[in-house]
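Enquirer: Structural data only, the sequence is not supplied:
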């Protein structure tokens, strides 16, 4: 199921978190577990801050992070892993799993195979992503190859 929350108007992070949280809860009620994607960036600050307040059994939620810079360690201030660990993972209780992309992996092909294998095991139930000013999604700037 795809739901676009922002349809020709500004949607605040609180509204996105509320609607997304309801979708996660609906999925948990129907399937018993949920798989979500979280993006990073300033556009996600309020949404993540509000989402962690939702009454969700996080022990049944598996999270994937959307993108990462190549070559920087998790300790780097621009690391998306660092961003999500500090702003989300550290603030929710008993998360089932959080699968991070290791942008500083020695073998990036193996890392991509690892994360692609994890993601493709089952559908993603809810994705919290933003679309950039030039219509980019993650690091996929137009024209992007969405097969990679």
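Expert: Yep, it's here. No experiment lies behind these values; they were computed from the predicted model shown.

Enquirer: Every contact and neighbour count from this point should use C-alpha atoms.
Expert: Fine.

Enquirer: pretty sure residue 82 contacts residue 74?
Expert: Yes: contact criterion CA atoms under 8 Å: residue 82 and residue 74 qualify, at 5.5 Å.

Enquirer: who's more crowded, those two?
Expert: Using other CA atoms under 10 Å, the more surrounded residue of residue 82 and residue 74 is residue 74, with 20 against 17.

Enquirer: For residue 58, see how far away that one is.
Expert: Counting by CA to CA, to the nearest Å, the gap from residue 74 to residue 58 is 23 Å.

Enquirer: what about residue 37, is that helix, strand or coil?
Expert: Recorded secondary structure, residue 37: strand (DSSP: H, G, I helix; E, B strand; the rest coil).

Enquirer: ok, it - contacts?
Expert: Listed by CA atoms under 8 Å, 6 or more residues apart in numbering, the contact set of residue 37 reads 63-66, 124, 126-129.

Enquirer: Over to residue 62?
Expert: 33-36, 95-99.

Enquirer: ok, now residue 63?
Expert: Contacts of residue 63 (CA under 8 Å, 6+ apart): 35-38, 97-99.

Enquirer: Neighbour-wise, which one of those residues leads?
Expert: residue 35 (22 neighbours).

Enquirer: so where do the strands sit in this protein?
Expert: With DSSP state E, the ranges of strands along the chain come out as 34-38, 61-65, 97-99, 126-128.

Enquirer: Neighbouring strands of the second one in the sheet, and parallel or not?
Expert: So the one you mean is strand 61-65. Its sheet considered, strand 61-65 pairs with strand 34-38 (parallel), strand 97-99 (parallel) by DSSP bridges.

Enquirer: do the same with the last one
Expert: If you go by DSSP bridges, strand 126-128 pairs up with strand 34-38 (parallel).

Enquirer: quick one: which of the strands of the chain is nearest residue 21?
Expert: Closest of the strands of the chain to residue 21 is strand 126-128, at 9.0 Å (criterion: CA to CA).
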